[in-house]
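Asker: Quick one: sequence and predicted model below, then my questions.
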Amino acid sequence: MAKRLLIRDLTLRDGQQSQFATRMNQDQVDRVLPFYREARFYAMEVWGGAVPDSVMRFLNESPWTRLESIRDGVAGASKLTALSRGRNLFGYNPYPDSVIEGFCRNSVKSGIDIMRVFDALNDVDNMTSTIRFVKENGGMADCAVCYTVDPKFTFGDRVGAFFKGKKIPGTLFGVPYFVRKAKELAAAGADMITIKDMAGLVDPAASAELIKALKAEVGVPIDLHTHCTPGYGTASVLMAMVSGVDVVDTVIMNFSGGPAAPAFEIIQMLADRLGVDTGVDLAAVASINRELRGIRAELAKFDQFKRLPPEIDLTDYEPSPELRSLLDGAAEAATAGRIDETLRLCQAIEAAFNYPEPDEIVKRAQIPGGMYTNMMSQLKEAKLEQHLEEVLQIVPQVRLDAGVPPLVTPTSQIVGVQAVNCIVDKTQGKPFYSNVSKNFMELVKGSYGRTPFPVDPAFRERIAGVRDEVPYDTSKYKKQENPELADAGGLRLALNEKEELLLELFPSVADKFLKGRRQAEWQAMEAERIASLPPERDPDEGARYPSKFWEEELQLAIEG
């Protein structure tokens, strides 16, 4: 009997977020749902991350409608999954349990089967409430350990730190760290554990070692989530497969590669050579892929690479002799544990499917692509692009000062922004940390949770005004206002709990979105009411409708 490998498809959330700025609209999503119902992936990641914000901000669509339409369209053929930042949900500051419970309950009710919960600091305490509320409402808790690597310090850095009385840690983020975190999460109720490598930094050797250790020591299914940005993606997934991983995350070919995850089609061809069954309907995948090609053309202005892979339908696909040799060789090398050969062959396979070349800056600096892009934008705004190398060189120091947080959203952005601020300080003749962002201050203070490495109390006092860690106090949380809208006939801004949650989680974006909704609804009601009025009889003008007054009122409402 063939070994089984479960596939989580990321196309409708992480895939489009990584490649096309989360701009798939409802019509585009609806077009692929009939094929997804036939494909029968183990799971589909369809919600969370940037999706709720983006569909309101850019598409004027309801996040809850997006989720419920996918639920109805897939009709239980695959488990639906979402991404949540645990206690922080979608923002930076922790939320009280009342908000977390409402979000988890309504997410499960609207179709989420598996909530993937992560915390940017890998602070398990920040995840426990979400785990509990998801499970209490009938969902599964997929607990993610954020993968990261240790900051790179030169020998000179270490000597200098020693004479300044500063500590530089040895290996923090080795296999024992990730196994320990996974065990803590399993004890907290995790139904499965994901190694969440959003930067694509887990190389094939680390992937094999880590998956073997987790399978040996953790008693729940293990999932590997990675990206292709620095060129490791396909090889690392392949090494995880031969090392016993239970689930891998992939994206349909036309949305795969580059900053996204590896293609399902490539992983399927490798699985065939390993005698591994994915249980996925390949004809349905081909239909999805064809539809996605057209959708990608519609999203062209958000497509940063514009490099289409060749068209592929695995039901009748015959690789060229060269590609067949690469696939056979990669599967054989991985099985034999020849890591370097596996990586070389997998990168050649990716090149055969026209993937972007590995991002050498991300690989060298060991930072997420989004963090690098944001730092470049910040430098350009300050007209200091020539200082990029200096920024990259001080990222390890800024990260160490902040307690060595994993570089994952949002801590990657906090560290990146502060590194740029420090170089701006330097160019102005000021000492580092003369200009400190609010988020960096809160991170150092302890508001976002416990960092992997202790923050120096003297540094904390300098940045945050306190020597001891101060956790965020959710008792001071103030619920968002839900006013009656005078320009929408007195309708409440949020009409139900789901809309109230949007206000809590995305205050400014949801406020604008819901106001537009209420005004449109009121105008429609007024138009319907006017149309239903009986005609009036005017002895001079004959039968007419009292339209002038109502047209003026409606126009004022629209302009208001």
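Answerer: Cool, the structure landed.
Asker: what ranges do the helices span in the stretch 301-450 of the chain?
Answerer: Using DSSP state H, counting those that start in this stretch, the helices of the stretch 301-450 of the chain run over 321-336, 339-352, 360-365, 369-381, 388-401, 411-427, 438-445.
Asker: residue contacts, residue 136?
Answerer: With contact set as Cβ atoms under 8 Å, 6 or more residues apart in numbering, residue 136 has these partners: residue 104. Yep, even glycine has a C-beta here, placed from its N, CA and C like the rest.
Asker: Apologies, that question was intended for residue 126.
Answerer: Applying Cβ under 8 Å, 6+ apart to residue 126 gives the contacts 86-88, 94, 119, 448-449.
Asker: Can you check the pLDDT for it?
Answerer: Note on residue 126: pLDDT of 95.
Asker: what does residue 9 give?
Answerer: You'll see residue 9 listed with a pLDDT of 98.
Asker: again with residue 368
Answerer: Looking at residue 368, its pLDDT reads 85.
Asker: try the one 4 residues further on
Answerer: Reading off the per-residue confidence, residue 372 sits at a pLDDT of 86.
Asker: That one contacts residue 365, doesn't it?
Answerer: Yes - with contact defined as Cβ atoms under 8 Å, residue 372 reaches residue 365; the gap is 6.9 Å.
Asker: C-alpha coordinates for stretch 50-68, PDB please?
Answerer: Output of stretch 50-68 as PDB, limited to C-alpha atoms (Å, rounded to 0.1, in the frame of the first residue of the first chain):
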ATOM      1  CA  ALA A  50      -4.200  39.700   4.500                       C
ATOM      2  CA  VAL A  51      -7.500  38.400   3.000                       C
ATOM      3  CA  PRO A  52     -10.100  40.100   5.400                       C
ATOM      4  CA  ASP A  53      -8.300  43.400   5.200                       C
ATOM      5  CA  SER A  54      -7.700  43.400   1.500                       C
ATOM      6  CA  VAL A  55     -11.200  42.300   0.400                       C
ATOM      7  CA  MET A  56     -12.600  45.300   2.300                       C
ATOM      8  CA  ARG A  57      -9.900  47.800   1.500                       C
ATOM      9  CA  PHE A  58      -9.300  47.200  -2.200                       C
ATOM     10  CA  LEU A  59     -12.400  45.200  -3.400                       C
ATOM     11  CA  ASN A  60     -15.200  46.600  -1.300                       C
ATOM     12  CA  GLU A  61     -16.300  43.000  -0.500                       C
ATOM     13  CA  SER A  62     -17.200  41.300   2.800                       C
ATOM     14  CA  PRO A  63     -14.600  39.000   4.300                       C
ATOM     15  CA  TRP A  64     -17.400  36.800   5.800                       C
ATOM     16  CA  THR A  65     -19.100  36.500   2.400                       C
ATOM     17  CA  ARG A  66     -15.800  35.400   0.900                       C
ATOM     18  CA  LEU A  67     -15.400  32.700   3.500                       C
ATOM     19  CA  GLU A  68     -19.000  31.500   3.400                       C
END
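Asker: Any idea how far it is from the middle of the chain?
Answerer: On the basis of Cα atoms, centre = their mean, to the nearest Å, stretch 50-68 sits 15 Å off its chain's mean C-alpha point.
Asker: do the same with stretch 103-116
Answerer: Remark: stretch 103-116 is offset 16 Å from the chain centroid, using Cα atoms, centre = their mean.
Asker: ok, residues contacting it?
Answerer: 43, 45, 47-48, 64, 67-68, 70-71, 79-84, 89, 130, 133-134, 136-144, 191-192, 194, 196, 497-498, 501, 505.
Asker: Determine which stretch of the helices of the stretch 301-450 of the chain is the most buried.
Answerer: Among those, the stretch with the highest mean neighbour count (mean count of other Cβ atoms under 10 Å) is helix 411-427, at a mean of 22.
Asker: quick one: contacts for the nearest residue to residue 299 once chain neighbours are set aside?
Answerer: Nearest non-adjacent residue to residue 299, counting by Cβ to Cβ, 6 or more residues apart in numbering: residue 20, 4.5 Å away. Under the criterion of Cβ under 8 Å, 6+ apart, the neighbours of residue 20 are 255, 296, 299, 302-303.
Asker: Of the residues you listed, which is the most crowded?
Answerer: Among these, residue 255 has the most neighbours (other Cβ atoms under 10 Å), with 30 neighbours.
Asker: Test my guess that that residue contacts residue 19.
Answerer: Yes - Residue 255 is within contact range of residue 19, at 5.6 Å (criterion: Cβ under 8 Å).
Asker: Let's verify residue 224: helix, strand, or coil?
Answerer: strand (DSSP: H, G, I helix; E, B strand; the rest coil).
Asker: That one bridge partners, please.
Answerer: Beta-bridge pairing of residue 224 under DSSP bridges involves residue 195, residue 248.
Asker: you'd agree it is up against residue 250?
Answerer: No - Residue 224 is not in contact with residue 250 according to Cβ under 8 Å; the separation is 10.3 Å.
Asker: Quickly list what's touching both of those two.
Answerer: Listed as contacting both residue 224 and residue 250 by Cβ under 8 Å, 6+ apart are residue 237.
Asker: circling back to that earlier point, least confident of the helices of the stretch 301-450 of the chain, on average?
Answerer: Mean pLDDT per stretch puts helix 360-365 lowest among these, at a mean of 85.
Asker: Moving C-terminal from the one helix or strand residue 115 maps to, which element do we reach first?
Answerer: Here residue 115, judged by DSSP states H and E, is contained in strand 114-117. Downstream of strand 114-117, the first helix or strand assigned by DSSP H and E is helix 128-136.
Asker: what separates that following helix from the chain centre, distance-wise?
Answerer: With Cα atoms, centre = their mean as the basis, helix 128-136 stands 20 Å off its chain's centre.
Asker: Output it as CSV, nothing but the C-alphas.
Answerer: Presented in CSV, the C-alpha positions along helix 128-136 are these (Å, rounded to 0.1, in the frame of the first residue of the first chain):
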residue,chain,number,x,y,z
THR,A,128,-3.5,29.2,24.2
SER,A,129,-6.7,31.1,24.2
THR,A,130,-7.2,30.7,20.4
ILE,A,131,-6.5,27.0,20.7
ARG,A,132,-9.1,26.7,23.4
PHE,A,133,-11.8,28.7,21.6
VAL,A,134,-11.3,27.0,18.3
LYS,A,135,-11.6,23.5,19.8
GLU,A,136,-14.6,24.5,22.0
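Asker: which is the next helix or strand following it?
Answerer: Downstream of helix 128-136 (by DSSP H and E), the next one is strand 140-146.
Asker: hmm, who's touching that next one?
Answerer: Contacting residues not belonging to strand 140-146 are listed as 79, 81, 113-120, 122, 127, 130-131, 134-135, 178, 181-182, 185-186, 188-196, 198, 223, 225, 406, 408 [Cβ under 8 Å, 6+ apart].
Asker: And those residues, which of them are buried?
Answerer: Neighbour-count burial (16 or more other Cβ atoms under 10 Å) is assigned, among those, to 79, 81, 113-120, 122, 127, 130-131, 134-135, 178, 181-182, 185-186, 188, 190-196, 198, 223, 225, 406, 408.
Asker: Look up the closest residue to residue 367, ignoring the ones flanking it.
Answerer: residue 407 is the one closest to residue 367 (Cβ to Cβ, 6+ apart), at 5.6 Å.
Asker: Which residues are in contact with residue 529?
Answerer: For residue 529, the contact set (Cβ under 8 Å, 6+ apart) is empty.
Asker: Before we go further, it is sitting in a helix, right?
Answerer: Yes - applying three-state DSSP, one finds residue 529 inside a helix.
Asker: gap between it and residue 523?
Answerer: 11 Å (Cβ to Cβ, to the nearest Å).
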